[in-house]
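> just coords:
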């Protein structure tokens, strides 16, 4: 520029998506991933089994690969069975959150791995629950963001919801 000032333009950073497949079939799920440019699915289910056709690990990975999407299963970022079972019995989301966050704090290597992946590819954390507000994948995404990962965008079948950072009270 002739005025002596230089403005550095940063390329927009790819987001870290999260997406729950509840209520979707495999074809509509994959179509949505392709629509937003996901390059790798990070499966954060401890046990990647599903009663929904096409969403168990092997079939899921094969379908994604056919569509040019990589598959990465990171069981360490899944919710441990005791925490899941307690929630199933008591439906206490606060207790579930405390239990899962205690587990997540011990998963620094897994968080670092996915943070690295999410910086180089457009990644999407996947679990079953459609409502990201009541799924551990939101907590995983927040840990990745805190570790230097990209901004978070939650996908639904038709929308994208940007994560709103929590602000300290004045």
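Looks like it came in fine. Bear in mind the structure is a predicted one, so any value in this text is a computation, not a measurement. Residues are numbered from 1 along each chain as shown.
> Compute the number of surrounding residues for residue 49.
9 (other Cβ atoms under 10 Å). C-beta here means a position set from N, CA and C on the backbone, and glycine is covered the same way.
> Helix or strand: which one has the residue sitting nearest the centre point of the chain?
The chain has residue 125 as the residue nearest its centroid, 2.2 Å off, counting by Cα atoms, centre = their mean. Remark: residue 125 resides in strand 123-127, with elements defined by DSSP states H and E.
> Likewise for residue 87?
Per DSSP H and E: residue 87 is located in helix 81-90.
> Pull up the pairing partners for the lowest-mean-pLDDT helix or strand in the chain, direction included.
Ranking every helix and strand in the chain by mean pLDDT, DSSP states H and E puts strand 160-162 at the bottom, with a mean of 87. Strand 160-162 sits in its sheet next to strand 152-155 (antiparallel), going by DSSP bridges.
> which residues are contacting the partner strand?
Strand 152-155 has contacts (Cβ atoms under 8 Å, 6 or more residues apart in numbering) with 15-19, 32, 36, 124, 132, 138, 141-142, 145, 160-163.
> Report the contact partners of residue 127.
18, 20, 21, 43, 44, 45, 135, 136, 137.
> Find me the pLDDT at the second one, would you?
With respect to pLDDT, residue 20 scores 97.
> Was I right to think it contacts residue 124?
No: with contact defined as Cβ atoms under 8 Å, residue 20 does not count as touching residue 124 (10.6 Å).
> With neighbour numbers in mind, choose between those two.
Shown here are residue 20 and residue 124; by other Cβ under 10 Å, residue 124 has more neighbours (26 against 23).
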